[in-house]
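In: What follows is a predicted structure for the sequence shown.
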Amino acid sequence: MSTWLENLKTNFKNKEVVIVHGNVRDIYFEQKTSLIYNNLTNLFQTIAKTPSYQFRRLLIYDPVSPERETDLKNNTTTESKVVEAEQKLAKWTATYLTNDQENSLAIVYYLDKLVAYNQSGYSDAEMKIILRIEKLIENITPNNRLVLVALRDTMIPVELYTSSPKVAVLPIPVPDKIDRDAFLLRKLGIEYKNLDLLGGLSDGLFLKDLDNIIKSIPVEAGKIKQLSSVEIRQLINKYRIGDQEDQWQKLNYEKLAAAKEWFISTEGVGGQDNAIQKVVDVMAIAKAGLAGIASGNTSKPKGVLFFAGPSGVGKTTIAKKLAKFLFGSEDNFIRFDMSEFADAHTESKLIGSPPGYVGYEKGGMLTGAVKEKPFSVVLFDEIEKAHPRIMDIFLQLIDEGRLTDSRGQTVFFTETVIIFTSNIGTRTKDNQGHENILTNEIDGVKVEGTESEILAQIRKLEGISPEKKSEMIQKHFIWAVRNYFSQEISRPELLNRIGNDIIPFNFINEPKIQKTIIMSHCRRIKDDFEDVKKNSGFKLEYTPNLADFLINMYKDDISDSGGREITTVIKDTIIKPLAIPVLEAEDRGMTNIRFMVDVINNKIIVNASEQVN
């Protein structure tokens, strides 16, 4: 914050007109003087009274309040009635600001409300105001200063600063960590043990927010209480995401210790033990409060993961189950299909359209979803299909843990887990549609061809164990992802943020694992069926050899296409044969019917019979 204040003072010495925009509604702290300014007016009043500037008069105008004129020599303030902007600007041009004898500092608030930039043109009334300001800028004398205050730089009429050597445009930033730490030190004192944690976690907040947080810290025996790190996080979250229950507090050591078994046995996620363990490891880091500590930014998302592997092997499923594990429900799972964001303009779908464009009133899909559900797992599916411009959004999200939408509202991702999925490593062509011939050496085996061809070569290798082959496939996917970011799209900085959290997924080759997944699907279908048909008392049962029969019939297809093929198989072999007997039973008004899915003469048959009490 002090940096921009120094720039403001420098511009006051060299420029007659300064346009400030951005964080114009905060409180401000100047480290050099240790002064706290309650608002911009307070700041400008202090500057105006500084002897080095020798301002005699301070003029303040906004469209809906009386003009305030302060005689700084006599320290008296008078107010005049509310007048139209054009009239006031004309008076300043004719008197105060073109007078080279008496130094005046004039401030116009809500510039973007007086007249906002409009690329389609201005009304006659707006054009008169712009011309008045331009005339004032042209004729202001070097001893006077004019400050124009706007909320956004995009709403400042370009005519006011284009080719105008008298004008400086200065952004007022949201306070960075240095500013926040200095402000906290001034307010709390150096002895506060969690000063650094408070400064780090408050990334993206205003100094006014910090001031309110400080005021809400309990006082014990005349001294501000030393809060624990958990209490500080809860306090800050009230300002970041509102008064919501901290779902991460429910995650404990015992639950984490049992997490891998929960994914595999309870939720039926098979064949991805290594991937699940890596996910659990990242969650342990988050729960321990160590997420982002290596980079010095503890306001990052709780975890950032990159799932790489073939289609249908459980990447999306694990992301869904992770939302259930962490937050109690798959409703806290947010998915974006990145094939819908292949064009540059689709960036606006994530964070909202700019003012004046179609869809502005709807806001951003991503920012809106996370604002509604700050405790969530956010999945960006098939990231390689997104336009490169969208990578900039991902970079900011990972780096800072927040995004500003098109309306200027900051949405925090500090309580989310971000997951990218990709089929990189299985493609036949690159993003430009070209056949991309690659060469790699994996554990001494040289492979060459497209990603898909290399993968096929590894899968056909003979004389090595299944475990070794699986390890080589995983290395292929990690290598392919790294090659994509560093070579194909030249975005190594995003790859650096992901680090070693590229998690490769296996093909579902082993019949034992295939059987586990099929049985899990069948259990879910049974539960859903009996819930939907509970008023009729219908039950669904399976013959014990059903899973083995399906594996013998479809194991090669399942190996190639994974869980999606299992879903297709179950739909064709179980759901379709089940439909007609169910409809027939309902048509006859039958209740308490047991539907048995059986295998007879290598064919699946569904028999319906009345249940025996």
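Out: Arrived safely, thanks for sending. Numbers count the residues shown, from 1 in each chain.
In: Any chance you could list what contacts the helix or strand bottoming out on mean pLDDT in the chain?
Out: The helix or strand of the chain with the poorest confidence is helix 563-570; it has a mean of 76 (mean pLDDT, DSSP states H and E). The contact list for helix 563-570, computed with Cβ atoms under 8 Å, 6 or more residues apart in numbering, reads 311-314, 317, 508, 514, 517-518, 521-522, 525, 550, 553-554, 557-558, 561. Where you see a C-beta, it was placed from the backbone N, CA and C, and this is true even at glycine.
In: Could you identify the buried members of those?
Out: 311-314, 317, 508, 514, 517-518, 521-522, 525, 550, 554, 558, 561 (16 or more other Cβ atoms under 10 Å).
In: Could you point out which of these is nearest to A85?
Out: T317 (59.9 Å; Cβ to Cβ).
In: Wait, that closest one touches I264, no?
Out: No: taking Cβ atoms under 8 Å as the definition, T317 is not a contact partner of I264, at 12.0 Å.
In: and stretch 471-479, C-alpha only, in CSV?
Out: C-alpha atoms of stretch 471-479 as CSV (Å, rounded to 0.1, in the frame of the first residue of the first chain):
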residue,chain,number,x,y,z
GLU,A,471,4.7,-48.8,-13.6
MET,A,472,5.9,-48.0,-17.2
ILE,A,473,2.4,-47.0,-18.3
GLN,A,474,2.2,-44.6,-15.3
LYS,A,475,5.6,-43.1,-16.2
HIS,A,476,4.4,-42.7,-19.8
PHE,A,477,1.4,-40.6,-18.7
ILE,A,478,3.5,-38.4,-16.4
TRP,A,479,6.0,-37.8,-19.2
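In: got a list of contacts for that stretch?
Out: Contacts with stretch 471-479, where a contact means Cβ under 8 Å, 6+ apart, come from 274, 308-309, 424-425, 440, 442-443, 445, 447, 454-455, 458-459, 461, 464, 502, 504-507.
In: what does stretch 511-525 give?
Out: So stretch 511-525 is in contact with 267-268, 270-271, 508, 540, 542, 546-548, 550-551, 555, 558-559, 563, 566-567, 570, 574-575, going by Cβ under 8 Å, 6+ apart.
In: How about stretch 263-281?
Out: Residues outside stretch 263-281 that contact it (Cβ under 8 Å, 6+ apart): 256, 259-260, 305, 307, 313-314, 317-318, 321-322, 324-325, 474, 501, 503-506, 508-510, 513-514, 516-517, 519-521, 523-524.
In: out of the contacts of helix 563-570, which are inside helices?
Out: With DSSP state H as the criterion, helices contain 317, 514, 517-518, 521-522, 525, 550, 553-554, 557-558, 561 from among the contacts of helix 563-570.
In: which one among those gets closest to S406?
Out: Of these, the one sitting nearest to S406 (Cβ to Cβ) turns out to be T317, at 33.1 Å.
In: Roughly how far does H345 sit from T428?
Out: Using Cβ to Cβ, to the nearest Å, H345 is found at 28 Å from T428.
In: T98 now?
Out: T98 is 71 Å from T428, by Cβ to Cβ.
In: Likewise for N440?
Out: N440 is 16 Å from T428, by Cβ to Cβ.
In: Looking at those two, which has the bigger crowd around it?
Out: The neighbour comparison of N440 against T428 (other Cβ atoms under 10 Å) goes to N440, with 17 against 11.
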